[in-house]
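Q: how would this look folded up:
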Amino acid sequence: MPHLLLALPLVALLLFFVMPWQTALIIYIPILLIFGFLYWKALSAMHMKPLAGEESMLNQRAVVDFIEDGRLKVRCRGEIFDADGPAGLAVGQQVVVTGTRGLRLQVRPLGKSALGKPATPPGP
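A: The predicted structure follows:
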């Protein structure tokens, strides 16, 4: 049903066959402007970054909350998650989420690249 609304500006062109062109134009221009705005909003919504789900967790900062029996717990966006990361992480250390495996986050220390080298900021 919503797809039928996308065709409304094309259907509105029929006004030009049943009305004088001046009257049809006065009616057609607002229809075209309204639906042009709605199409623009729909397209911009499709290009937004994910707000929920696994994809939204990638590249988010987290803090090591505690390490219990060798199991790592991190706090990301106010929630505590189980995590897998390199050995040597300390409580309070900032990490970056690099992936997910189920409900377990894959993390690396903040400031290190995926290769374990210090991350260099992009140059000009």
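
Q: Which secondary structure state does Phe66 sit in?
A: strand (DSSP: H, G, I helix; E, B strand; the rest coil).

Q: which non-adjacent residue is nearest it?
A: Lys73 (5.2 Å; C-beta to C-beta, 6 or more residues apart in numbering). Where you see a C-beta, it was placed from the backbone N, CA and C, and this is true even at glycine.

Q: now do Phe35
A: Closest residue in space to Phe35, ignoring its immediate chain neighbours: Pro9 at 5.0 Å, by C-beta to C-beta, 6+ apart.

Q: for the one you found, phi and psi?
A: The phi/psi pair for Pro9 (degrees, to the nearest 10) reads phi -60, psi -30.

Q: Counting neighbours, what do you get for it?
A: 16 (other C-beta atoms under 10 Å).

Q: Ok, Arg101 next?
A: As a burial measure, Arg101 scores 11 neighbours (other C-beta under 10 Å).

Q: what's near enough to touch Asp82?
A: 71-73, 103-105 (C-beta atoms under 8 Å, 6 or more residues apart in numbering).

Q: To which secondary structure element is it assigned?
A: Element membership for Asp82, per DSSP states H and E: strand 79-84.

Q: What residues sit buried inside that strand?
A: Neighbour-count burial for strand 79-84, counted by 16 or more other C-beta atoms under 10 Å, picks out 81, 83.

Q: What pairs with it, parallel or antiparallel?
A: With DSSP bridges as the test, strand 79-84 is paired with strand 71-76 (antiparallel), strand 104-109 (parallel).
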